[in-house]
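Chemist: here you go, sequence then predicted model.
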Amino acid sequence: MSDSWNHAVKTRWLITKTALAERLAYRGDFALGTLMRFLPIVTQIFLWWAIFQSLSPENPEGAQLSGYTFRDMVAYYLLTMLGRAFSSMPGLSSSIALKVRDGEIKRFLVQPVDLLSFLFWSRVAHKLAYYAIAIIPFALVFFLCRDFFSRGFPDAVTFCCFVLSLLLSFMLGFYLEACIGLIGFWMLEVSSLLFVYMLFQFFLSGHMFPLDLLPAPFDSIVGFLPIKYLAYFPAAVFLGKIQGYALAIDMVMLILWTGLFFVLSRWIFARGVRHYSGFGG
Amino acid sequence: MIQVEQLSKSYRVYQKKEGLGEAIRGLFHREYKTIEAVRGISLDVQAGEFVAFLGPNGAGKTTTLKLLSGVIYPTSGTASVMGYVPWDRNLDYRRRFALVMGQKNQLWWDLPAQESFRLHQQIYAIDSERFHKNLTELTEMLEVGSLLGRPVRELSLGERMKMELIAALLHSPEVLFLDEPTIGLDVIAQRNIQQFLKRYQKERNITILLTSHYMKDISALCQRVVVIAQGTIQYDGSLTGIVDEFSGSKIITLVLGDEQGVQGLERFGEVQRVDHPRVTLKCSRTEVSKVLAEILDRYQVNDIAVEDPPLEEVIAQLFHRVSSGGASS
């Protein structure tokens, strides 16, 4: 048992290391792409400033929108950026569907390696490479914008919950998009499905605005969806918007959603393989 | 080693018709057609055999390999490879065989092949000593030792195919499925791969099933040929046996005397080529001795050769007969 455990851990570590090496093969393009993702921050700050100015032209800094001041809003936006750095999975679904379509998936059916585990650890490597490059601009942005965090640094328990929510949001984001990609066993092309998902995710994950700005009953409906854990939830935890019992419930829900999509992805894969007819020669 | 009984696989494919109107109609109503890729084939392969699957495009060769490697499930029938049911995809089974599909990359494109080999070592749990021994042996046989550190994307097609073979053989599989291993390669690269496979199979005595369109691959490597057409086995035996069984003709090449004309030769068979003094004649296999006697009697002949028709031609005729519905099964 310990031998097979040891082998499994070593295999995952080697997949991660190899994927990391591959990721760094095009380091120039990768670094540029990573840095470019910080540009929207400026436009978002101006956008929210314009909104708060229209709310209170004399004192935009003092104006509030559902309990959020301008500073809270910028702090929220920066935190959702951090959340999305964990939960977004660019290219995952489409690459799975492509593997099915062009026959590359055969490799994972023939070799003693599990596709989902392989993709998961490859994605861990991608994220690690991303953080290695992005940590400097992230640190710089957070340092420059430190005054926007007017509520200060959260207590230790809240911070631990925040870190845990980021890690779980990575897993949830991975298995959610893996499920969409695995539908490629039936649809071959999942780009439209992915587009619809991205559209919902863009608005309902809290990436564009805090979800508690939504009017009833939409706030409750969105509150039940797993997508909110991809951006809104970690930010709301850090800002102390969700505390105590509500925080515990949400953490349990996040774990359950992650577990559900983990099981669902395995189930779809098993069904998909049965359906698979070996496209691509 | 491999037992196949009445194995069948059919696909349901969407019949897409031409034109925008049909495309829109297809959104609401689709017509499907069932393609029987493999129809009740039975096969028994002994350990250490090198078997070729020969057949036209769409004959069912690759589908058979996919079934035997567990990539797809059959519609009916049974198969056992080394005692395993392939489509159960048991991890122990996966560690004991390999599938190489020409042009399909199992190596990391942007990394040197060496890195992919390391990952294979881990995935297949190959101990360090065996890994280094196998890698050294394979790289020496294929003469690619100096290329191990070069990113795969920078390798030529032939070099990449060699690396694919190394990746497939590192874990010393007992059964190897090769699907068009020399497709797209130039003549030299093809010959290198053929020589390697021949030597490796002989040394390790592994069981190999190969599909190829290149007759040279097959004649260089395989003792046994299984001809598949329209999903069924049309022939299972030696390569030369195909000619005996399916060709009713012989090719006679005559070198005539300097003064000898070619008039009248057409009554002995089909005159295929006249390049005086050399004449090529195709005649019935059963009449070859009679034809030879008559020609020698009536013509001044300096040299004579009797051969079987080219294998490619015999096989092309066989495929044609099958597709026009006249084959035996």
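Modeler: Received the coordinates, thanks.

Chemist: list the contacts of residue 125.
Modeler: All of this is about chain A. A:I15, A:T16, A:K17, A:T18, A:A19, A:L20, A:E22, A:R23 (CB atoms under 8 Å, 6 or more residues apart in numbering or on different chains). For glycine as for every other residue, the C-beta is placed from the backbone atoms N, C-alpha and C.

Chemist: if you could check chain B rather than the one you did, that'd help
Modeler: Here B:A125 is in contact with A:H7, B:R95 (CB under 8 Å, 6+ apart).

Chemist: where does it sit: helix, strand or coil?
Modeler: Recorded secondary structure, B:A125: coil (DSSP: H, G, I helix; E, B strand; the rest coil).

Chemist: roughly how far does it sit from B:E137?
Modeler: Per CB to CB, to the nearest Å, B:A125 is found 19 Å from B:E137.

Chemist: picking that back up, which ones among the contacts of A:A125 lie within helices?
Modeler: A:I15, A:T16, A:K17, A:T18, A:A19, A:L20, A:E22, A:R23 (DSSP state H).

Chemist: list the buried ones in stretch A:207-216?
Modeler: A:H207, A:F209, A:P210, A:L211, A:D212, A:L214 (16 or more other CB atoms under 10 Å in any protein chain shown).

Chemist: no, scratch that, I was asking about stretch A:167-185
Modeler: Buried residues in stretch A:167-185 (16+ other CB under 10 Å): A:168-185.

Chemist: what about the residues you listed, which are in helices?
Modeler: Checking the buried residues of stretch A:167-185 against DSSP H, those in helices are A:168-182, A:184-185.

Chemist: could I get the buried residues of stretch A:207-216 as a markdown table with secondary structure, distance to A:N6 and pLDDT?
Modeler: Shown next, in a markdown table, are the buried residues of stretch A:207-216 (DSSP: H, G, I helix; E, B strand; the rest coil; distance: CB to CB, whole Å; pLDDT from 0 to 100):
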| residue | secondary structure | distance to A:N6 | pLDDT |
| --- | --- | --- | --- |
| A:H207 | coil | 40 | 83 |
| A:F209 | coil | 47 | 85 |
| A:P210 | coil | 45 | 87 |
| A:L211 | helix | 43 | 85 |
| A:D212 | helix | 47 | 83 |
| A:L214 | coil | 49 | 83 |
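
Chemist: which among the ones in helices among the contacts of A:A125 are in contact with chain B?
Modeler: A:I15, A:T18, A:E22 (CB under 8 Å from any CB of the partner chain).

Chemist: do the worst-scoring helix or strand of chain B on mean pLDDT and chain A meet?
Modeler: Here the helix or strand of chain B ranked lowest by mean pLDDT, DSSP states H and E is helix B:20-28, holding a mean of 73. No: using CB under 8 Å from any CB, helix B:20-28 stays clear of chain A, coming no nearer than 13.0 Å.

Chemist: thought A:S205 was touching A:A236?
Modeler: No: counting by CB atoms under 8 Å, A:S205 sits too far from A:A236 to count as a contact (11.8 Å).

Chemist: can you tell me the helix or strand for the residue in the stretch 101-250 of chain A positioned nearest to chain B?
Modeler: The nearest approach of the stretch 101-250 of chain A to chain B comes at A:P112, 4.2 Å away (CB to the nearest CB). Using DSSP states H and E, A:P112 falls within no helix or strand.

Chemist: contact partners for it?
Modeler: B:L91, B:R94, B:R95, B:I123, B:Y124.

Chemist: quick check on it: phi, psi?
Modeler: phi -80, psi 60 (degrees, to the nearest 10).

Chemist: nearest residue to it in space, please, no chain neighbours.
Modeler: Leaving aside its chain neighbours, A:P112 sits nearest to B:R94 (4.2 Å; criterion: CB to CB, 6 or more residues apart in numbering or on different chains).

Chemist: where are the low-confidence patches of chain A?
Modeler: Where chain A drops to pLDDT under 70, the residues are A:1-2, A:277-281.

Chemist: count of neighbours near B:L107?
Modeler: Per other CB atoms under 10 Å in any protein chain shown, the neighbour tally for B:L107 reads 23.

Chemist: what comes up buried for stretch A:218-231?
Modeler: A:V222, A:G223, A:P226, A:I227, A:K228, A:Y229, A:L230, A:A231.

Chemist: between the two ends of that stretch, how far is it?
Modeler: Counting by CA to CA, to the nearest Å, you get 17 Å between the two ends of stretch A:218-231.

Chemist: who's in contact with the residue in chain B sticking out farthest from the centre?
Modeler: For chain B, the residue at maximal distance from the C-alpha centroid (CA atoms, centre = their mean) is B:E259, at 46.5 Å. The contact partners of B:E259, taken as CB under 8 Å, 6+ apart, are B:Q300.

Chemist: name the residues of chain B found near chain A, please.
Modeler: Residues of chain B lying near chain A (CB under 8 Å from any CB): B:11, B:62-63, B:66, B:69-73, B:89, B:91, B:94-95, B:97-99, B:101, B:104-106, B:108-111, B:115-116, B:118-119, B:122-125, B:151, B:179.

Chemist: quick one: which of the ones next to chain B among the ones in helices among the contacts of A:A125 is most hemmed in?
Modeler: In those, the most neighbours by other CB under 10 Å go to A:I15, 22 neighbours.

Chemist: which non-adjacent residue is nearest it?
Modeler: In space, A:I15 is closest to A:W121, 4.3 Å off (CB to CB, 6+ apart).

Chemist: from what I can see that neighbour touches A:T16, true?
Modeler: Yes: the criterion here is CB under 8 Å, and A:W121 meets it with A:T16 at 4.7 Å.

Chemist: from A:S150, how far off is the residue of the stretch 101-250 of chain A closest to chain B?
Modeler: Counting by CB to CB, the gap from A:P112 to A:S150 is 54 Å.

Chemist: what does B:L292 give?
Modeler: Taking CB to CB, one finds B:L292 at 107 Å from A:S150.
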